[in-house]
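Chemist: Sequence plus predicted model, see below.
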Amino acid sequence: MTFAVSVLFSGVSSAQVVGDWTGNGSTSFNDAASWYQGVVPNGTIVMGFSPDFSTGGSGNSMMMNVAGSALGIDVESSSSAGMGGNISIGGASLLTLGASGIAMNQTFNLAASVLFISAPLKLSASQTWNIIGSDMTISNTISESSAGTSVTITGSGANIQLNSANSTFSGGLHDNATSGTVLVLDASSVGPAGSPTSGPVGTGTLTLAGNAQLFSAATLTVTLANNITVGSGVETIDGGAGGDIKLTGTISGAGKIQAVNSSSSVEFDGDNNFTGGTALDFATVTVGNDHGLGTGPATMFGNTVTFSSNDPGMGVPSFSFQQCVVNFTAGGGEPILDNLTFISSQLNFAGASIISITDVTSDSSGSTNVLSLNSNSVLGLQINSPIKYYGTITGAGSNMIVNSAGTGSLDLFGANTYSGTTTIDANVVVVADNNSALGTGSITVNGGGLGIAPGITLTNLVSNSNGSTFAGYGTLAPASGSNFLLIQHGGYITGGKGSSASFASQPVPGTLTIGSHASITLGNAGSMQFSIMNATGTPGTDFSTISAPNSTVSVTAATTPFTIQLVSVSPSTTQMGLANFNNALSYSWTLLSAQSISGFSTSDFTIDDTTFFQNALGGGTFSISDVSNDLVLSFTPVPEPSTWLLMATGLCTLAAAVRRRR
């Protein structure tokens, strides 16, 4: 331990002299009787406090009755009794600290020490506060002798509380402590975001670099206007027990931010660009800036999250919500969510007018997920892969547009109640796996695809543009009005799966039923896929068919023929090749049955029997005919040699008879 001014604490540099507080005189800083061998510290001496020396009547308390200085402060636990130092430095006069800063519990880590400083501090040099397993509270201002003075926190297992809103040191507070260290703020910054004039961590940048924990100690909101830099670790921000913390400066860096504690709230109001992402666990969180959560992935569990800015979104993030309630409140806002995963959560777009979501990963059947849309808003879904959504979509008068940057499919399993229109754009297929999968409004297939799962009846009105596709096993039957289906210029229609959609685990052939007075046009460069597993089977089971007994069909393919594309599929495997097909026999299959077929001409049709039809034809041919308003596909084999012989013999006999008559 320290003797006079020449024996050193091992907790400070060997180049530094330590003066020890004994408390044998009074509580006054300048009372020589209270310092070991009467030496009062100055700017070249470290103030030392330890139960081994602070044995006088004022051993735990020192008052700055006059202005004074010290190279630093060192608080140590007892070398023998396992008792921590419990020191209070009070008074109204200024204490100036030099480059040694503050050290606690460096020598004997037998017990936690406590340091409470209520005197005002001035930093004469940038310094380090190395706190190990101890508590320190600074309740008064921290100023600086020259601009750019900084404080670096190191150590571990410490609790450091800063209570003054009037600190003005400008070099920044750098929290490099290892695990277990908590920085607690009990005051708000003064001044604008990013450039406060004072505050609990001064006016410079707050750096969180060592898996730091930032807390609010107040029962009211603590606003921190300083810019923040997060390192490569996970930095925790917690409103504390009943307090809230509001971050208005810019957060940057490669680190990750974790917000926790359901009894308080954390608010991100800065134009943030940190890249490590956010993890919000059982927290109440408000995001008041479009980029409040930075540019990394956002993972949320058990939270209530409110996005209050107009257009919340990020460059390339991913969102994951589990057991969350997420609110988007800005009137007329346009939130953007990329790579959205949500499980047992509700997303309320109460104020949004346009919502953009790229790809959605939902949970399984029975999901409680809800996308609740604002009245008369537009939900834009960009689907770039096979996606299944088991939750529901609600919103009076709200519209949905589904598109894809490449190719994708969206299976909707929920009983959706949104009442606006649905538009399915090119390159994407939307599959209805529920009778109300597409809400209650009309559907426009704008070059995309509409699929209907087995047993599903869509009562929406449907219309489409060129290049659109229709497939499935269910029924199109609007509650009122008529559907207008235009199959041309790259569009196709098929009963069953065809090649248009996912329909997981369903067989390829099926019956697509048009259950209303629809108008169907088979136009130029359109096509119908005919999938067949069994040449002698039944329609809808062994081969695909379209049933439209109350609908009219118009053939308008005089310029570019309408293609019937044949797809032969094995009933036992996914390989091509249908069963029971004998190319020496004749076959007929009903492709489509209607109330009427107008404009039919065999020249308007062409048959593709090579791309997906794998059975050998043996020289036989397929043809299309209109048989009592049924569109029928027929196969005619090549006649047997004996048939050709009989025909030739008949022709010869006929010629001889003619000659005899002559």
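Modeler: Yep, it's here.

Chemist: Now do the same contact list for residue 530.
Modeler: With contacts defined as C-beta atoms under 8 Å, 6 or more residues apart in numbering, residue 530 is in contact with 494, 543, 544, 564, 565, 566, 567, 589, 591, 633. (C-beta placed from N, C-alpha, C; glycine too.)

Chemist: tell me the least confident of these?
Modeler: Ranked by pLDDT, the contacts of residue 530 bottom out at residue 567 (88).

Chemist: burial of the nearest residue to residue 455 once chain neighbours are set aside, as a residue count?
Modeler: Sequence neighbours aside, residue 474 is the residue nearest to residue 455 in space, at 6.4 Å (criterion: C-beta to C-beta, 6 or more residues apart in numbering). Using other C-beta atoms under 10 Å, residue 474 has 22 neighbouring residues.

Chemist: ok, now residue 559?
Modeler: Applying other C-beta under 10 Å, we find 9 residues neighbouring residue 559.

Chemist: Same question for the one 3 residues further on.
Modeler: By other C-beta under 10 Å, the residues close to residue 562 number 23.

Chemist: One more: the one 5 residues further on?
Modeler: When neighbours are defined as other C-beta under 10 Å, residue 567 has 25 of them.

Chemist: just to revisit the earlier point, of the contacts of residue 530 - the most surrounded one?
Modeler: Most crowded among the contacts of residue 530, counting by other C-beta under 10 Å, is residue 544 at 32 neighbours.

Chemist: tell me the phi and psi of the spatially closest residue to that one that is not a sequence neighbour?
Modeler: Leaving out its chain neighbours, the residue that sits closest to residue 544 by C-beta to C-beta, 6+ apart is residue 495, at 3.7 Å. Residue 495 adopts backbone torsions of phi -90, psi 130, taken as degrees, to the nearest 10.

Chemist: Strands of the stretch 451-600 of the chain, residue ranges please.
Modeler: Counting by DSSP state E, counting those that start in this stretch, the stretch 451-600 of the chain has strands at residues 457-458, 462-464, 469-472, 475-476, 484-487, 492-495, 511-514, 519-523, 527-532, 545-556, 562-568, 587-598.

Chemist: pLDDT score for the residue nearest the centre of the chain?
Modeler: Central residue of the chain (C-alpha atoms, centre = their mean): residue 319, 1.2 Å from the mean position. Here the pLDDT value assigned to residue 319 is 85.

Chemist: Would you mind confirming that it is in contact with residue 336?
Modeler: No. Assessed by C-beta atoms under 8 Å, residue 319 is found out of contact with residue 336, at 10.1 Å.

Chemist: What's the separation between residue 604 and residue 624?
Modeler: 9 Å (C-beta to C-beta, to the nearest Å).

Chemist: picking up where we left off before, would you turn the contacts of residue 530 into TSV with distance to residue 66?
Modeler: Shown next, in TSV, are these (distance: C-beta to C-beta, whole Å):
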residue	distance to residue 66
494	94
543	103
544	98
564	103
565	98
566	102
567	97
589	107
591	104
633	107
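
Chemist: element containing residue 100, please.
Modeler: strand 95-104 (DSSP states H and E).

Chemist: residues in contact with the helix or strand following that strand?
Modeler: Of the helices and strands lying after strand 95-104 in sequence (DSSP H and E), the nearest is strand 114-117. Contact with strand 114-117 is made by 49, 73, 75, 84-90, 95, 102, 104, 134-140, as judged by C-beta under 8 Å, 6+ apart.

Chemist: Show me those residues that map onto strands.
Modeler: Residues of the contacts of strand 114-117 located in strands (DSSP state E): 49, 73, 75, 86-90, 95, 102, 104, 135-138.

Chemist: Convert stretch 335-344 to PDB, retaining C-alpha atoms only.
Modeler: Output in PDB follows, covering the C-alpha atoms of stretch 335-344 (Å, rounded to 0.1, in the frame of the first residue of the first chain):
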ATOM      1  CA  PRO A 335     -43.400   2.000 -45.400                       C
ATOM      2  CA  ILE A 336     -41.000  -0.400 -47.200                       C
ATOM      3  CA  LEU A 337     -40.300  -3.800 -45.700                       C
ATOM      4  CA  ASP A 338     -37.800  -6.100 -47.400                       C
ATOM      5  CA  ASN A 339     -37.500  -9.800 -46.800                       C
ATOM      6  CA  LEU A 340     -40.300  -9.800 -44.200                       C
ATOM      7  CA  THR A 341     -40.600 -12.800 -41.800                       C
ATOM      8  CA  PHE A 342     -43.300 -12.700 -39.200                       C
ATOM      9  CA  ILE A 343     -44.700 -15.300 -36.900                       C
ATOM     10  CA  SER A 344     -47.800 -14.800 -34.600                       C
END
